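[1] okay, sequence plus prediction incoming.
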Amino acid sequence: MYVMKIVQQFVIVIMKEVLHVWSAFSQRKVSEGMIGSFSLNNSQKGSKKNKSIKQALSDLDYNVFGTAHSVPGLSPYKLLPLLVVSVFCSEIIIMFALHLFPALPTITEAFVDATMLLVILSPTFYFFHYRPLVAHYIQRKNIIDQLVESEEQLDLTLDAVNDGLWDWDFKAESIYFSPRWERMLGYEPGSIEPKVSSWDALIHLSDKKKVFRDLDDHLLGKSEYFESEYRMKTKYGDWRWILTRGKVVTRDLENTPLRAVGTNTDIHSRKVAEEGLQQREKDIRRLSWQLIESSEVESKRLAQDLHDDFGQLLTALKLGVEMIQNHQIKEEDELQFHCARLLGTVDRMAASLSHVCDNLRPVMLDDIGLIATLKWFVKDMEQQAGTVKINLESPADQKRLPPDVELVCFRICQEAINNALKHAAPTEINVKFRFGSKTATILISDNGKGFDLKKLKASETSHWGFGLLGMNERAAAVDGYVGIDSTPGKGTRVEVVLPVFID
Ligand SMILES: Nc1ncnc2c1ncn2[C@@H]1O[C@H](COP(=O)(O)OP(=O)(O)OP(=O)(O)O)[C@@H](O)[C@H]1O
Ligand SMILES: [Mg+2]
């Protein structure tokens, strides 16, 4: 009866073990219960966050029989004496057992001895060898799974932040570039030789000095991180702004760097936007300076106009009136003659005043509208220019635009036509108006000399007047924009688009 119960318990234990081992292999990832069963305790599992995976694997391999076994701290060194003691104890038990059956033949004794030894030692082998090995296998598999998972996470993160990875081995004089690092510059992964010289060769010549100064500072321990913004050449020959950040992670006893790792970030769009802003700031500074200068010039010109023309006429008028007042004129006819002369002077004064005012702001603009004012202006300019033909094409439906927009249109057309006459020596200038539902578009083109706008903007020395800048600023003030397209020898096109919200 007792024997049956013992056998029953034994079978249950064996079946449980088989079940554990089978489910552990089939699931790979060990559940909490299984961890308890195989002693993969929480401290080991949690250690993945604190320890590097490489370290965890090497610890695991070293303590394969120790940490994996249900007896904590049992190292391979303790396992051998345990085995010797087990064999010794087993043999004593067998010797006693055989002693009870002295009549057995030697061959049977040897067979019983071997069988019993096997039976007694098998739990020892199972619990101290097979079970730890299974647990070790599962733990290793888990750690490798974590490694793959964290590598995937790193790849995804680097992809999301648009970063490429580099890893520099100073001893081997090689540098690993991640696929993203190479793709950032248009290269297929693996096509750049993993050498520092490959990186060096792609850096813009003007940025090299600064990049290597920043790098040296870090390698010599003067800065905590290496960080530099510079241009790199792409596969297609253009330049992209890159931000490199990195750090030496291993140094030898003499503090010589052994390994450095870091990232490359594509900051091209930000840099281009920054450069645009800087250029705009520069333009605005120059514009405000020109504004001050030109208002001085304008005041002088106004004073001159008033003095030379209006002032002279006023003096003539004063003299005429004084003559009448002093009764110097005796005859009625003579009086009539002088009065007519004085009225003529008054007319000329009115004309002179109107000319001055027109220069300040054309009064016609408010009275008769933009198109009619431009027609008058174009005719006036054509007369002054002599041989140049100026065509104005406007829609039949001449809508009135908001007063500020009309003034902006007029001033931009005035400047564009003036520029064409002043710089381009054209034979023809065309001004075309188009009204859309939300915008007014004006195109002023000439068939003159043309110019290189890029060169003009880039050059510090070439003349960059108030006119083009003023056009842009005037348009921007009413949320519009000006596009200038010019090629030397092929004339100039100035396109102005202004928003107009009229019902
Ligand atoms: N239609 C054009 N054809 C040829 N060159 C032009 C034309 N418009 C502008 N330019 C060139 O662009 C330069 C800048 O023009 P901008 O109107 O800003 O200055 P400006 O006419 O020289 O002086 P300002 O307008 O201040 O009196 C000119 O000096 C000229 O070289
Ligand atoms: Mg000009």
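    Perfect, thanks for sending it. Just so we're clear, the structure is a prediction, and the values are computed from it rather than from any experiment. Ligands and ions are numbered 1, 2, ... in the order given.
[2] quick one: contacts for residue 444?
    Going by C-beta atoms under 8 Å, 6 or more residues apart in numbering, residue 444 touches 412-413, 416-417, 420, 429-431, 493-494, 496. Bear in mind the C-beta positions are built from the backbone N, C-alpha and C, glycine included.
[3] now stretch 192-201: how far from the chain's centre is it?
    Centre-to-centre, stretch 192-201 and its host chain are 24 Å apart (C-alpha atoms, centre = their mean, to the nearest Å).
[4] rounded mean pLDDT for that stretch, please.
    Per-residue pLDDT over stretch 192-201 has a mean of 95.
[5] right, and residue 261 touches residue 169 too?
    No - assessed by C-beta atoms under 8 Å, residue 261 is found out of contact with residue 169, at 10.0 Å.
[6] quick revisit: for residue 341, state which of the contacts of residue 444 is nearest.
    residue 417 (37.9 Å; C-beta to C-beta).
[7] quick one: the closest one is in a strand?
    No - applying DSSP: H, G, I helix; E, B strand; the rest coil, one finds residue 417 to be helix, outside a strand.
[8] around it, count how many other residues there are.
    24 (other C-beta atoms under 10 Å).
[9] name the helix or strand for the residue of the stretch 401-503 of the chain found nearest ligand 2, please.
    The nearest approach of the stretch 401-503 of the chain to ligand 2 comes at residue 467, 2.6 Å away (C-beta to the ion). Element membership for residue 467, per DSSP states H and E: helix 466-477.
[10] dump that helix to CSV, restricted to CA.
    What follows is helix 466-477, C-alpha atoms only, in CSV (Å, rounded to 0.1, in the frame of the first residue of the first chain):
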residue,chain,number,x,y,z
PHE,A,466,16.6,100.9,-52.3
GLY,A,467,14.3,100.0,-55.2
LEU,A,468,14.2,96.2,-55.2
LEU,A,469,14.2,96.0,-51.4
GLY,A,470,11.5,98.6,-51.2
MET,A,471,9.3,96.7,-53.7
ASN,A,472,9.6,93.5,-51.5
GLU,A,473,8.9,95.4,-48.3
ARG,A,474,5.9,97.3,-49.8
ALA,A,475,4.4,94.1,-51.0
ALA,A,476,5.1,92.3,-47.7
ALA,A,477,3.4,95.1,-45.8
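[11] which strands or helices does it pack on?
    The contact analysis (3 or more C-beta pairs under 8 Å, 6 or more residues apart in numbering; DSSP states H and E) places helix 466-477 against helix 268-305, helix 403-419, strand 481-486, strand 492-499.
[12] show me the shaky parts of the stretch 351-500 of the chain.
    Residues of the stretch 351-500 of the chain meeting the criterion pLDDT under 70: 360-361, 459-465.
[13] from the contacts of residue 444, which are also near ligand 1?
    Restricting the contacts of residue 444 to those within reach of ligand 1 (C-beta under 6 Å from any ligand atom) leaves residue 420.
[14] ok, of the contacts of residue 444, which come out buried?
    Buried members of the contacts of residue 444, counted by 16 or more other C-beta atoms under 10 Å: 412-413, 416-417, 420, 429-431, 493-494, 496.
[15] hang on, the earlier thing: shared neighbours of residue 261 and residue 169, which are they?
    Joint contacts of residue 261 and residue 169 (C-beta under 8 Å, 6+ apart) do not exist.
[16] what angle do whatever helix or strand residue 230 lives in and helix 268-305 make?
    Secondary structure from DSSP H and E places residue 230 in strand 226-233. For strand 226-233 against helix 268-305, the angle by axes from the mean of the first three to the mean of the last three C-alpha atoms, to 10 degrees is 80 degrees.
[17] which parts of the stretch 101-250 of the chain are strands?
    163-169, 174-177, 226-233, 239-251 (DSSP state E, counting those that start in this stretch).
[18] compare those and give me the one nearest ligand 1.
    The minimum distance between ligand 1 and these falls on strand 239-251, with 27.7 Å, by C-beta to the nearest ligand atom.
[19] run me through the strand neighbours of that closest one, direction for each.
    In the sheet containing strand 239-251, its partner strands are strand 226-233 (antiparallel), strand 257-266 (antiparallel), by DSSP bridges.
[20] could you dump the ones you listed into CSV with distance to residue 362 and mean neighbour count added?
    As requested, the strands paired with strand 239-251 are exported to CSV (distance: least, C-beta to C-beta, whole Å; neighbours: other C-beta atoms under 10 Å):
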stretch, distance to residue 362, mean neighbour count
strand 226-233, 49, 18
strand 257-266, 51, 18
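[21] could those strands go into a markdown table alongside mean pLDDT?
    Formatted as a markdown table, those follow (pLDDT from 0 to 100):
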| stretch | mean pLDDT |
| --- | --- |
| strand 226-233 | 96 |
| strand 257-266 | 94 |
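[22] quick one: which of those strands is nearest residue 309?
    strand 226-233 (58.2 Å).
[23] quick one: contacts of that closest one?
    Residues outside strand 226-233 that contact it (C-beta under 8 Å, 6+ apart) are 185, 202-204, 206-208, 210-211, 214-215, 217-219, 239-247, 260, 262, 267, 271.
[24] before we move on, what about stretch 181-201?
    Residues contacting stretch 181-201 (C-beta under 8 Å, 6+ apart): 162, 164-166, 168, 173-179, 202, 208, 232-236, 240, 242, 264, 266.
[25] if we can go back for a sec, nearest to residue 471, of the strands paired with strand 239-251?
    Residue 471 lies closest to strand 226-233 among those, at 31.9 Å (C-beta to C-beta).
[26] quick one: stretch 182-202 to chain centroid distance?
    Relative to its chain's centre, stretch 182-202 lies at 20 Å (C-alpha atoms, centre = their mean).
[27] in that stretch, what's buried?
    Buried-residue list, stretch 182-202, by 16+ other C-beta under 10 Å: 182, 184-185, 187, 192, 194, 199, 202.
[28] farthest-apart pair in the residues you listed, please.
    Maximum pairwise distance among the buried residues of stretch 182-202 (C-beta to C-beta): 15.7 Å, between 184 and 194.
[29] element containing residue 429, please.
    Assigned by DSSP H and E, residue 429 belongs to strand 428-435.
[30] need the nearest residue in space to the residue of the stretch 401-503 of the chain closest to ligand 2, chain neighbours excluded.
    In this structure, residue 467 finds its nearest non-sequential neighbour in residue 415, 4.8 Å apart by C-beta to C-beta, 6 or more residues apart in numbering.
[31] what's near enough to touch that neighbour?
    467-468, 470-471.
[32] what's the closest non-adjacent residue to residue 441?
    Per C-beta to C-beta, 6+ apart, closest to residue 441 is residue 434, 4.5 Å.
[33] is the one you found in contact with residue 399, as I believe?
    No - using C-beta under 8 Å, residue 434 makes no contact with residue 399, being 11.4 Å away.
[34] returning to what we had before: in a markdown table: the helices and strands packed on helix 466-477, plus distance to ligand 2.
    Below are these laid out as a markdown table (distance: least, C-beta to the ion, whole Å):
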| stretch | distance to ligand 2 |
| --- | --- |
| helix 268-305 | 11 |
| helix 403-419 | 4 |
| strand 481-486 | 12 |
| strand 492-499 | 11 |
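[35] in TSV: these, plus distance to residue 456.
    Shown next, in TSV, are the helices and strands packed on helix 466-477 (distance: least, C-beta to C-beta, whole Å):
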stretch	distance to residue 456
helix 268-305	12
helix 403-419	12
strand 481-486	9
strand 492-499	12
